[in-house]
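Chemist: Dropping a prediction and its sequence here:
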Amino acid sequence: MPLLYDLSKLTVGTTLRLGWRPHVEGLEHLPRHGGGILASNHLSVADELFLACLTPQHVTFWAKTEYFTGRGPGGWLNRRIVAGMGAIPVDRTNGRAALSALDAAVPVLRAGGLVAVYPEGTRSPDGRLYRGRVGMTRLARDAEVPIIPVGVLGTAEVLPVDARLPRRHPVTLRFGPPIPVAGRINGPRDIRTITDEVMAAIQKLTGQEYVPRYAPPRSRPS
């Protein structure tokens, strides 16, 4: 486990556990040996914090490339933080570069690590669960690991989009049984079928209303 990640779990993680007392279910579904993809719904930027601090193993996340290339004191600090946390850089402006970020996760998974994926591709704009993108299933196929569905509840109230400070609200994190991928894919239709299966498992964990279309892109502030 990266040192900075370990220190963050000790400091930020302890604060979250004592301040919010989150409820966790299904830890027995996490792999004891071998890697796995944690596929979660996405309600808030607080999702990563709770997922990281409540999962016993190290969880690898993606971070936009700007965090790795910034200049000045702030850029230096961002580089040190994301690198120290073991994050994988992803260029969200370039489709080919984004695919290379998926490739970068394969060695982590094959080495027995956990990688967090938000298959909706963005935070939910209205609290509903949207159609999943198939990248996570292709990644699971290439790395030969299962997908563990994750349901997060309450984080949208803890840290709403426009909030400057977190708020007190109950948080629940649920891990579902692993969904195997190996040997199940013979073509694009199978990839879509497994992706939909994962989204159905997430919906079962959260109780969110499911929307059978991709989430709209979040509007950027002018």
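Modeler: Yes, it's here. Just so you know, these numbers come straight off a predicted model, no measurement behind them. Residues are numbered from 1 along each chain as shown.

Chemist: OK, contacts around Pro119?
Modeler: By C-beta atoms under 8 Å, 6 or more residues apart in numbering, Pro119 lies in contact with Ala39, Gly132, Arg133, Gly135, Met136, Thr195, Val198, Met199, Ile202. The way it works is simple: take the backbone N, C-alpha and C, and place the C-beta from them, glycine included.

Chemist: out of those, which are buried?
Modeler: Neighbour-count burial (16 or more other C-beta atoms under 10 Å) applied to the contacts of Pro119 gives Ala39, Gly132, Arg133, Gly135, Met136, Thr195, Val198, Met199, Ile202.

Chemist: Format those as JSON lines; extra columns: pLDDT.
Modeler: Converted to JSON lines, these look like this (pLDDT from 0 to 100):
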{"residue": "Ala39", "pLDDT": "98"}
{"residue": "Gly132", "pLDDT": "97"}
{"residue": "Arg133", "pLDDT": "94"}
{"residue": "Gly135", "pLDDT": "92"}
{"residue": "Met136", "pLDDT": "94"}
{"residue": "Thr195", "pLDDT": "98"}
{"residue": "Val198", "pLDDT": "98"}
{"residue": "Met199", "pLDDT": "98"}
{"residue": "Ile202", "pLDDT": "98"}
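
Chemist: Now render those as a markdown table, adding distance to Asp142.
Modeler: Output for those, formatted as a markdown table (distance: C-beta to C-beta, whole Å):
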| residue | distance to Asp142 |
| --- | --- |
| Ala39 | 15 |
| Gly132 | 17 |
| Arg133 | 15 |
| Gly135 | 10 |
| Met136 | 11 |
| Thr195 | 14 |
| Val198 | 16 |
| Met199 | 20 |
| Ile202 | 21 |
